[in-house]
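A.B. asks: Sharing a model that was predicted from the sequence below.
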Amino acid sequence: MRLSWRARTPHRSAAEPAAPPRTSLRRKLAITAMPLLMTAATGLLNAHSAEAAVACRVDYTIASQWGGGFGANVVVNNLGDAVNGWQLSWTFGAGQQITQIWNATHTQSGSSVTATNVSYNAAIPSGGSVSFGFNGSWNGSNPAPTSFSLNGVPCTGTPSSPSPSATPTRSPSPSPSASPSASPSPSPSASPTGGGGTLPSSFRWSSSGALIAPKSDATHNIAGIKDPTVVYYNGKYHVFASTANASGYNMVYLSFSDWSQAGSATHYYLDRTPIGSGYRAAPEVFYFAPQKLWYLVYQTGNASYSTNPDISNPNGWSAPKNFYSGMPDIIRQNIGNGYWVDMWVICDNADCYLFSSDDNGHLYRSQTTLANFPNGFGNTVIALQDSNRNNVFEASNVYKVQGDNRYLLIVEAIGSGGRRYFRSWTSTSIAGSWTPLAASESSPFAGASNVTFPGGAWTNDISHGEMVRTMVDQTLTISPCKMQYLYQGLNPGSGGDYNSLPWRLGLLTQTNSTC
């Protein structure tokens, strides 16, 4: 983004036959009972053999930890037959307590916990997985649980003998009403399914048409909507984006339950909130679990942020505050005639990192501790650079890849004919070195060469956007399975003033998922 610019079975009654003579009754019962007993026994054996064979592996990850609290991600990998309705049980080893949970309900007695599916994730296909997360409290130590059971069967990673009570089929419980401090991830029918796969070495995508267009009103004459960020929370997609016209930029918020509703969603202009008017653009939204607050990060000429306890309340955002007192010296020394843009925050279990671009071939990274966030960002370094400014231009995203032990970095580049596309890299740590993955125009993360348009190509540009995440907290966790990316596109025939270009938002869906 340039500056210039989720009984009972009824019985049936029957008339009783007249009683036979007692002298013949015992013999008749003895003769008739044998086939009935054999049939019943056969039915029980068949019912037993028809039960699902339960086998599972559980990936338990502490996503973040702070004084007295922590956030955890749990992935249930189904290695047996398909499951419809699940309960996962475990025992904490140090008395930890769950305080909020998403994508599941739970009961806890002492250290014993049982997590139960919600309505949209009851089914786990054979070879598939389901994920949920929670925030918890701890005192003294926070060891990971050492054993789990799925529907009463230990998750040992190998198939088990079926048991009549092992995989009950039941109606899934309804999704709980989540509080602002919970962080539900997208439902399987609308977004990535969770763990169980890995990042491919190349990517293929299918694009929707233009789903979201500007909506002007009496005081907002909007030419383009761009730079989206998105989370799925409490049954809705929450989208924040830049609004642009010849006079400048601000931001807008909209929410909807399904992508088919995106075009008709109400637009709430954030210049009418405490965020205020003036230059605000390129937002990123996430839930910071240690503080139980939503953060909206954006550019104002500085790197700025606002907070809100309730993402669904547009008027709840605080007035802007800056992460820095001014532009860090290393950026000032390397920016040339570029612009300082596109701020992006991600945290691990100890530190938070702020990335930014300069439209001049440099990606910068600053750092502070998780406990000190949002204050104290320093140690600003060049995380990635290229002598061709178009190869590392702007709009970076950094994500934690669930179950893959890597981080994914994508950066917008400018290719032949001025077309926008994304390059990608991976690393084992946020502050580590980045290894290219699908990093050329001919084999990009996402671009004209690997995106198809079943409804007709409406853009040649795959530009500034955001992944639909598995977790909405500060870890920015995504699944490598069936990824979706909300992006900005442009009618190929458009031209003129950059701020007045008619950008629209479309959705990419990965078509070569490994899971």
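C.D. replies: Received it, and whenever you're ready, just let me know what you need.
A.B. asks: In space, what's closest to residue 406 - neighbours in sequence excluded?
C.D. replies: Ranked by CB to CB, 6 or more residues apart in numbering and with sequence neighbours excluded, the top spatial neighbour of residue 406 is residue 426, at 4.7 Å. All C-beta spots, glycine's among them, are computed from the backbone N, C-alpha and C.
A.B. asks: if I pick that neighbour, what's in contact with it?
C.D. replies: Shown here is residue 426, whose contacts under the criterion CB atoms under 8 Å, 6 or more residues apart in numbering are 199, 401, 406, 407, 408, 409, 434, 435, 437.
A.B. asks: ok, now how distant is the fourth one from residue 426?
C.D. replies: If you measure residue 407 against residue 426 using CB to CB, to the nearest Å, the figure is 7 Å.
A.B. asks: list residues touching both of those two?
C.D. replies: Shared contacts of residue 407 and residue 426, defined by CB under 8 Å, 6+ apart, are found at residue 401.
A.B. asks: re the thing from before, run the chain-centre distance for the host helix or strand of the residue nearest to residue 406.
C.D. replies: Taking DSSP states H and E as the definition, one finds residue 426 inside strand 420-427. Between the mean C-alpha location of strand 420-427 and the chain-wide mean there is a distance of 19 Å, by CA atoms, centre = their mean, to the nearest Å.
A.B. asks: change the start of the numbering to 19 and stick with it
C.D. replies: OK, 19 is where the count begins now, so the last one is strand 438-445.
A.B. asks: Tell me the first helix or strand C-terminal of that strand.
C.D. replies: That would be, after strand 438-445 and using DSSP H and E, strand 453-454.
A.B. asks: partners of that following strand, with directions?
C.D. replies: Within its sheet, and counting by DSSP bridges, strand 453-454 is paired with strand 438-445 (antiparallel).
A.B. asks: any idea of the mean pLDDT for the partner strand?
C.D. replies: The pLDDT scores in strand 438-445 average 98.
A.B. asks: Can you dump the C-alpha atoms of it in PDB for me?
C.D. replies: Presented in PDB, the C-alpha positions along strand 438-445 are these (Å, rounded to 0.1, in the frame of the first residue of the first chain):
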ATOM      1  CA  ARG A 438       1.400  -7.200  -8.800                       C
ATOM      2  CA  TYR A 439       2.100 -10.700  -7.400                       C
ATOM      3  CA  PHE A 440       3.300 -12.300  -4.200                       C
ATOM      4  CA  ARG A 441       6.600 -14.000  -3.500                       C
ATOM      5  CA  SER A 442       7.100 -16.200  -0.400                       C
ATOM      6  CA  TRP A 443       9.800 -17.500   2.000                       C
ATOM      7  CA  THR A 444       9.900 -19.700   5.100                       C
ATOM      8  CA  SER A 445      11.900 -19.700   8.400                       C
END
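A.B. asks: buried stuff in that strand?
C.D. replies: 438, 439, 440, 441, 442, 443, 444, 445 (16 or more other CB atoms under 10 Å).
A.B. asks: Let's have these in JSON lines, adding distance to residue 77.
C.D. replies: Output for the buried residues of strand 438-445, formatted as JSON lines (distance: CB to CB, whole Å):
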{"residue": "438", "distance to residue 77": "35"}
{"residue": "439", "distance to residue 77": "32"}
{"residue": "440", "distance to residue 77": "28"}
{"residue": "441", "distance to residue 77": "29"}
{"residue": "442", "distance to residue 77": "23"}
{"residue": "443", "distance to residue 77": "24"}
{"residue": "444", "distance to residue 77": "19"}
{"residue": "445", "distance to residue 77": "20"}
